[in-house]
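1. what follows is a predicted protein model with its sequence.
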Amino acid sequence: MSKTIRIGTRASDLAMWQANRAHELLEKALPDASLEIVKISTMGDRDKSTELSSLGTQGVFVKELEARLLANEIDIAVHSSKDMPSQLDHRLVIGAVLPRGKVEDVLVSRNGQRLSQLRKKAIIGTSSPRRKSQLLRLRPDLDIRVIRGNVPTRIKKIEEQEYDATILAHAGVTRLGLEKYISEVLPMDYFLPAPGQGIVSLQCRKDDADLVNILRSAGDEKAFSQLEVERGFQIALQAGCHSAIAGYASFPVSDWLHFKGRVLSLDGKTLLEDEDDLQAIESPRDLGSRIAEKLIQRGASELIVHD
(Lines give C-alpha, C1' and ligand atoms only; values in the text may rest on other atoms or scores of the structure.)
Protein backbone atom coordinates (compact mmCIF):
# COMPACT_ATOMS: atom_id res chain seq x y z
CA MET A 1 0.00 0.00 0.00
CA SER A 2 1.80 3.10 -1.26
CA LYS A 3 -0.78 5.84 -0.73
CA THR A 4 -0.74 8.27 2.18
CA ILE A 5 -2.77 6.96 5.13
CA ARG A 6 -4.46 9.84 6.93
CA ILE A 7 -5.07 9.23 10.66
CA GLY A 8 -7.82 11.42 12.06
CA THR A 9 -7.83 12.36 15.74
CA ARG A 10 -8.99 14.92 18.25
CA ALA A 11 -6.27 17.36 19.31
CA SER A 12 -6.20 16.86 23.09
CA ASP A 13 -3.03 15.53 24.71
CA LEU A 14 -4.64 12.16 25.38
CA ALA A 15 -6.08 11.90 21.86
CA MET A 16 -2.66 12.70 20.41
CA TRP A 17 -1.09 10.00 22.60
CA GLN A 18 -3.58 7.56 21.12
CA ALA A 19 -2.98 8.77 17.56
CA ASN A 20 0.78 8.45 18.00
CA ARG A 21 0.40 4.85 19.20
CA ALA A 22 -1.79 4.17 16.14
CA HIS A 23 0.92 5.74 13.98
CA GLU A 24 3.51 3.39 15.50
CA LEU A 25 1.30 0.35 14.84
CA LEU A 26 0.79 1.36 11.21
CA GLU A 27 4.50 2.07 10.71
CA LYS A 28 5.18 -1.58 11.49
CA ALA A 29 2.23 -2.91 9.49
CA LEU A 30 2.80 -0.60 6.49
CA PRO A 31 6.53 0.20 6.36
CA ASP A 32 6.30 1.58 2.81
CA ALA A 33 3.26 3.80 3.39
CA SER A 34 3.28 7.52 4.10
CA LEU A 35 1.40 8.32 7.32
CA GLU A 36 -0.19 11.65 8.24
CA ILE A 37 -1.97 12.66 11.47
CA VAL A 38 -4.94 15.00 10.90
CA LYS A 39 -6.27 16.93 13.91
CA ILE A 40 -10.05 17.41 14.02
CA SER A 41 -12.17 19.48 16.41
CA THR A 42 -15.41 17.82 17.57
CA MET A 43 -18.58 19.17 19.15
CA GLY A 44 -17.50 17.74 22.50
CA ASP A 45 -14.21 19.66 22.23
CA ARG A 46 -15.76 22.97 21.24
CA ASP A 47 -18.49 22.98 23.91
CA LYS A 48 -16.64 22.55 27.20
CA SER A 49 -19.42 23.70 29.53
CA THR A 50 -22.54 21.67 28.61
CA GLU A 51 -23.00 18.29 30.26
CA LEU A 52 -21.98 15.62 27.73
CA SER A 53 -25.27 13.77 28.04
CA SER A 54 -27.10 17.02 27.20
CA LEU A 55 -25.33 17.78 23.91
CA GLY A 56 -28.08 16.01 21.99
CA THR A 57 -26.31 13.01 20.54
CA GLN A 58 -24.35 9.95 21.45
CA GLY A 59 -20.74 9.98 20.39
CA VAL A 60 -20.07 13.73 20.66
CA PHE A 61 -16.34 12.99 20.35
CA VAL A 62 -16.89 10.51 17.51
CA LYS A 63 -19.43 11.74 14.95
CA GLU A 64 -17.29 14.38 13.28
CA LEU A 65 -14.38 11.99 12.84
CA GLU A 66 -16.81 9.51 11.29
CA ALA A 67 -18.08 12.22 8.94
CA ARG A 68 -14.49 12.86 7.78
CA LEU A 69 -14.07 9.14 7.15
CA LEU A 70 -17.22 8.99 5.06
CA ALA A 71 -16.14 12.10 3.12
CA ASN A 72 -12.81 10.39 2.37
CA GLU A 73 -10.90 13.18 4.12
CA ILE A 74 -9.19 10.69 6.45
CA ASP A 75 -8.62 6.93 6.23
CA ILE A 76 -8.56 5.97 9.93
CA ALA A 77 -10.30 7.57 12.90
CA VAL A 78 -8.79 7.04 16.34
CA HIS A 79 -11.29 6.85 19.20
CA SER A 80 -11.43 6.13 22.89
CA SER A 81 -13.70 3.09 22.65
CA LYS A 82 -15.80 4.11 25.65
CA ASP A 83 -16.83 7.26 23.73
CA MET A 84 -18.23 5.29 20.80
CA PRO A 85 -22.03 5.06 20.47
CA SER A 86 -23.86 1.73 20.48
CA GLN A 87 -24.78 1.97 16.82
CA LEU A 88 -22.09 2.77 14.26
CA ASP A 89 -22.68 3.82 10.68
CA HIS A 90 -23.09 0.65 8.61
CA ARG A 91 -20.45 1.92 6.17
CA LEU A 92 -17.78 1.98 8.88
CA VAL A 93 -16.04 -0.72 10.89
CA ILE A 94 -13.66 -0.99 13.85
CA GLY A 95 -10.68 -2.38 11.99
CA ALA A 96 -8.39 -2.90 14.98
CA VAL A 97 -7.76 -1.91 18.56
CA LEU A 98 -4.56 -1.19 20.46
CA PRO A 99 -3.50 -3.21 23.53
CA ARG A 100 -5.79 -2.40 26.43
CA GLY A 101 -4.62 -0.02 29.14
CA LYS A 102 -5.63 0.00 32.81
CA VAL A 103 -9.39 -0.41 33.07
CA GLU A 104 -10.20 0.97 36.53
CA ASP A 105 -11.53 4.37 37.53
CA VAL A 106 -9.36 6.48 39.83
CA LEU A 107 -10.14 9.18 42.35
CA VAL A 108 -8.24 12.47 42.19
CA SER A 109 -8.86 14.54 45.30
CA ARG A 110 -7.44 17.43 47.23
CA ASN A 111 -4.81 16.36 49.77
CA GLY A 112 -4.85 12.78 48.48
CA GLN A 113 -7.99 11.78 50.38
CA ARG A 114 -9.60 8.44 49.61
CA LEU A 115 -13.31 8.23 48.80
CA SER A 116 -14.17 7.10 52.34
CA GLN A 117 -12.25 10.06 53.79
CA LEU A 118 -14.07 12.80 51.86
CA ARG A 119 -16.20 15.10 53.98
CA LYS A 120 -19.97 14.86 53.95
CA LYS A 121 -21.40 16.87 51.05
CA ALA A 122 -18.00 16.90 49.34
CA ILE A 123 -18.27 18.23 45.77
CA ILE A 124 -17.34 15.55 43.21
CA GLY A 125 -17.02 16.42 39.54
CA THR A 126 -18.12 13.92 36.89
CA SER A 127 -20.16 14.05 33.69
CA SER A 128 -20.69 10.27 33.59
CA PRO A 129 -24.07 8.82 34.65
CA ARG A 130 -22.27 5.51 35.32
CA ARG A 131 -19.77 7.11 37.71
CA LYS A 132 -22.45 9.23 39.36
CA SER A 133 -24.70 6.22 40.01
CA GLN A 134 -21.91 4.09 41.44
CA LEU A 135 -20.74 7.00 43.61
CA LEU A 136 -24.22 7.60 44.99
CA ARG A 137 -24.61 3.92 45.76
CA LEU A 138 -21.61 4.13 48.10
CA ARG A 139 -21.84 7.75 49.25
CA PRO A 140 -25.37 9.16 48.81
CA ASP A 141 -24.29 12.20 50.85
CA LEU A 142 -21.94 13.50 48.14
CA ASP A 143 -22.69 16.62 46.06
CA ILE A 144 -22.07 15.44 42.50
CA ARG A 145 -21.73 18.16 39.85
CA VAL A 146 -20.91 18.29 36.15
CA ILE A 147 -17.26 18.72 35.24
CA ARG A 148 -15.91 19.14 31.70
CA GLY A 149 -12.49 19.40 30.12
CA ASN A 150 -9.59 17.09 29.36
CA VAL A 151 -7.67 15.19 32.04
CA PRO A 152 -5.17 17.99 32.94
CA THR A 153 -8.01 20.54 33.05
CA ARG A 154 -10.03 18.42 35.47
CA ILE A 155 -7.03 17.88 37.71
CA LYS A 156 -6.40 21.65 37.70
CA LYS A 157 -9.99 22.27 38.82
CA ILE A 158 -9.32 20.08 41.86
CA GLU A 159 -6.10 21.95 42.64
CA GLU A 160 -7.93 25.27 42.32
CA GLN A 161 -10.56 24.00 44.78
CA GLU A 162 -13.54 24.21 42.41
CA TYR A 163 -14.25 20.59 43.40
CA ASP A 164 -13.12 18.35 46.22
CA ALA A 165 -12.47 15.44 43.86
CA THR A 166 -13.12 13.96 40.45
CA ILE A 167 -13.12 10.47 38.94
CA LEU A 168 -11.02 9.73 35.86
CA ALA A 169 -10.08 6.69 33.79
CA HIS A 170 -6.89 5.09 35.08
CA ALA A 171 -5.70 4.52 31.49
CA GLY A 172 -5.91 8.20 30.55
CA VAL A 173 -4.14 9.42 33.66
CA THR A 174 -1.36 6.86 33.20
CA ARG A 175 -0.92 7.53 29.49
CA LEU A 176 -0.35 11.20 30.24
CA GLY A 177 2.14 10.44 33.00
CA LEU A 178 -0.04 12.01 35.70
CA GLU A 179 -0.14 9.07 38.12
CA LYS A 180 1.13 11.25 40.99
CA TYR A 181 -2.31 12.86 41.20
CA ILE A 182 -4.13 9.57 41.84
CA SER A 183 -5.54 9.44 45.37
CA GLU A 184 -7.12 6.00 45.05
CA VAL A 185 -7.62 3.30 42.44
CA LEU A 186 -11.31 2.54 42.88
CA PRO A 187 -12.15 -1.18 43.35
CA MET A 188 -13.98 -2.71 40.41
CA ASP A 189 -16.45 -4.48 42.70
CA TYR A 190 -17.96 -1.04 43.30
CA PHE A 191 -16.80 0.90 40.23
CA LEU A 192 -17.20 -1.32 37.20
CA PRO A 193 -15.77 0.47 34.11
CA ALA A 194 -17.57 1.67 31.02
CA PRO A 195 -17.71 -0.74 28.06
CA GLY A 196 -14.49 -0.26 26.10
CA GLN A 197 -12.69 1.69 28.84
CA GLY A 198 -8.92 1.63 28.28
CA ILE A 199 -9.23 0.45 24.67
CA VAL A 200 -8.28 2.60 21.66
CA SER A 201 -10.23 1.80 18.47
CA LEU A 202 -9.08 2.37 14.89
CA GLN A 203 -12.12 2.87 12.68
CA CYS A 204 -12.10 2.80 8.88
CA ARG A 205 -14.41 2.50 5.90
CA LYS A 206 -15.83 -1.00 5.46
CA ASP A 207 -15.23 -0.93 1.70
CA ASP A 208 -11.51 -0.12 2.16
CA ALA A 209 -10.84 -3.86 2.11
CA ASP A 210 -7.04 -3.74 1.95
CA LEU A 211 -6.81 -1.43 4.95
CA VAL A 212 -9.39 -3.43 6.92
CA ASN A 213 -7.37 -6.62 6.39
CA ILE A 214 -4.11 -4.93 7.38
CA LEU A 215 -5.63 -3.50 10.55
CA ARG A 216 -7.21 -6.84 11.47
CA SER A 217 -3.83 -8.58 11.33
CA ALA A 218 -1.94 -5.77 13.10
CA GLY A 219 -4.26 -5.04 16.03
CA ASP A 220 -4.48 -6.63 19.47
CA GLU A 221 -6.75 -9.69 19.21
CA LYS A 222 -7.29 -10.08 22.95
CA ALA A 223 -8.44 -6.48 23.44
CA PHE A 224 -10.59 -6.76 20.30
CA SER A 225 -12.43 -9.76 21.81
CA GLN A 226 -12.95 -7.85 25.06
CA LEU A 227 -14.39 -4.91 23.16
CA GLU A 228 -16.71 -7.20 21.18
CA VAL A 229 -18.17 -8.60 24.41
CA GLU A 230 -18.61 -5.19 26.00
CA ARG A 231 -20.10 -3.57 22.91
CA GLY A 232 -22.40 -6.57 22.50
CA PHE A 233 -23.75 -5.81 25.98
CA GLN A 234 -24.14 -2.10 25.22
CA ILE A 235 -25.85 -2.71 21.87
CA ALA A 236 -28.29 -5.30 23.22
CA LEU A 237 -29.36 -2.89 25.97
CA GLN A 238 -29.83 -0.07 23.41
CA ALA A 239 -28.26 2.14 26.04
CA GLY A 240 -27.79 5.83 25.31
CA CYS A 241 -25.31 8.24 26.84
CA HIS A 242 -27.79 9.15 29.61
CA SER A 243 -27.80 5.55 30.93
CA ALA A 244 -25.73 4.15 33.79
CA ILE A 245 -24.28 0.93 32.40
CA ALA A 246 -20.96 -0.78 33.09
CA GLY A 247 -19.25 -3.93 31.90
CA TYR A 248 -15.89 -5.63 31.83
CA ALA A 249 -14.67 -8.68 29.91
CA SER A 250 -11.54 -10.45 31.13
CA PHE A 251 -9.51 -13.57 30.36
CA PRO A 252 -9.31 -15.60 33.60
CA VAL A 253 -7.53 -18.26 31.54
CA SER A 254 -6.16 -17.96 28.02
CA ASP A 255 -9.04 -19.55 26.11
CA TRP A 256 -11.99 -18.37 28.20
CA LEU A 257 -13.68 -14.98 28.45
CA HIS A 258 -15.49 -13.83 31.58
CA PHE A 259 -17.93 -10.92 31.52
CA LYS A 260 -19.72 -8.98 34.23
CA GLY A 261 -22.39 -6.49 33.20
CA ARG A 262 -24.21 -3.95 35.34
CA VAL A 263 -27.16 -1.56 34.91
CA LEU A 264 -28.01 1.04 37.55
CA SER A 265 -30.69 3.60 38.19
CA LEU A 266 -29.42 7.15 37.94
CA ASP A 267 -29.76 7.65 41.70
CA GLY A 268 -27.71 4.51 42.38
CA LYS A 269 -30.45 2.89 44.49
CA THR A 270 -31.13 0.04 42.05
CA LEU A 271 -28.39 -2.19 40.67
CA LEU A 272 -28.85 -5.16 38.34
CA GLU A 273 -25.84 -7.33 37.62
CA ASP A 274 -24.98 -10.68 36.07
CA GLU A 275 -21.89 -12.50 34.81
CA ASP A 276 -20.97 -15.54 32.73
CA ASP A 277 -18.14 -17.23 30.82
CA LEU A 278 -17.58 -18.07 27.18
CA GLN A 279 -15.03 -20.19 25.38
CA ALA A 280 -12.96 -17.76 23.34
CA ILE A 281 -13.54 -19.63 20.07
CA GLU A 282 -17.25 -18.73 20.27
CA SER A 283 -18.64 -15.32 19.29
CA PRO A 284 -17.54 -12.78 21.94
CA ARG A 285 -20.42 -10.45 21.13
CA ASP A 286 -22.89 -13.21 22.06
CA LEU A 287 -21.59 -13.24 25.63
CA GLY A 288 -22.31 -9.54 26.10
CA SER A 289 -25.76 -9.76 24.54
CA ARG A 290 -26.61 -12.82 26.64
CA ILE A 291 -25.90 -10.95 29.87
CA ALA A 292 -27.90 -7.98 28.58
CA GLU A 293 -30.91 -10.22 27.88
CA LYS A 294 -30.73 -11.66 31.40
CA LEU A 295 -30.77 -8.16 32.87
CA ILE A 296 -33.59 -7.05 30.58
CA GLN A 297 -35.65 -9.98 31.90
CA ARG A 298 -35.03 -8.63 35.40
CA GLY A 299 -36.20 -5.11 34.51
CA ALA A 300 -33.11 -3.38 33.12
CA SER A 301 -35.12 -1.72 30.35
CA GLU A 302 -36.85 0.42 32.96
CA LEU A 303 -33.44 1.80 34.01
CA ILE A 304 -32.16 2.50 30.50
CA VAL A 305 -32.46 6.03 29.11
CA HIS A 306 -32.74 5.93 25.32
CA ASP A 307 -31.36 8.87 23.28
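-> Structure's in. What do you need? Numbering: from 1, shown residues only.
2. would you map the helices across this structure?
-> For the chain, helices defined by DSSP state H occupy the ranges 13-29, 43-46, 63-70, 129-138, 151-159, 170-175, 209-218, 221-237, 284-297.
3. of these, which shows the lowest average pLDDT?
-> Lowest mean pLDDT within these: helix 43-46, at a mean of 56.
4. coming back round to it: out of the helices of the chain, nearest to Ser250?
-> Ranking the helices of the chain by their distance to Ser250 (criterion: C-beta to C-beta) puts helix 221-237 first, at 7.4 Å. (C-beta placed from N, C-alpha, C; glycine too.)
5. show me what contacts the residue nearest the centre of the chain?
-> Taking C-alpha atoms, centre = their mean as the criterion, Lys82 is the residue nearest the geometric centre of the chain, at 1.7 Å. Lys82 sits next to 169, 193-199 when contact means C-beta atoms under 8 Å, 6 or more residues apart in numbering.
6. between which two of those is the distance greatest?
-> Longest span within the contacts of Lys82, C-beta to C-beta: Ala169 and Pro195, 12.5 Å.
7. how far away is the residue nearest to Arg68 when sequence neighbours are not counted from Leu115?
-> Nearest non-adjacent residue to Arg68, counting by C-beta to C-beta, 6 or more residues apart in numbering: Ile74, 4.7 Å away. The gap separating Ile74 from Leu115 is 40 Å, by C-beta to C-beta, to the nearest Å.
8. tell me which of the two has more neighbours.
-> Ile74 (25 against 21; other C-beta atoms under 10 Å).
9. so the more buried one is in contact with Ala19, correct?
-> No. If you go by C-beta atoms under 8 Å, Ile74 and Ala19 don't touch, sitting 10.9 Å apart.
10. so which of the helices of the chain comes closest to Arg6?
-> Nearest to Arg6, of the helices of the chain and by C-beta to C-beta, is helix 63-70 at 8.7 Å.
11. ok so, going back, Ala169 and Pro195: which has the busier surroundings?
-> It is Pro195, of Ala169 and Pro195, that has more neighbours when counted by other C-beta under 10 Å, with 29 against 24.
12. so that one sits against Ala236, correct?
-> No. The pair Pro195 / Ala236 is not scored as a contact, 11.1 Å apart, by C-beta under 8 Å.
13. just the residues contacting stretch 174-194, thanks.
-> Under C-beta under 8 Å, 6+ apart, the answer for stretch 174-194 is 13-14, 17-18, 82, 101-109, 112-115, 128, 130-131, 134, 137-138, 151-152, 155, 158, 165, 167, 169-170, 173, 245-248, 260, 262.
14. what does stretch 249-256 give?
-> Outside stretch 249-256, the residues touching it (C-beta under 8 Å, 6+ apart) are 222, 225-226, 229-230, 257-259, 277-281, 284, 287-288.
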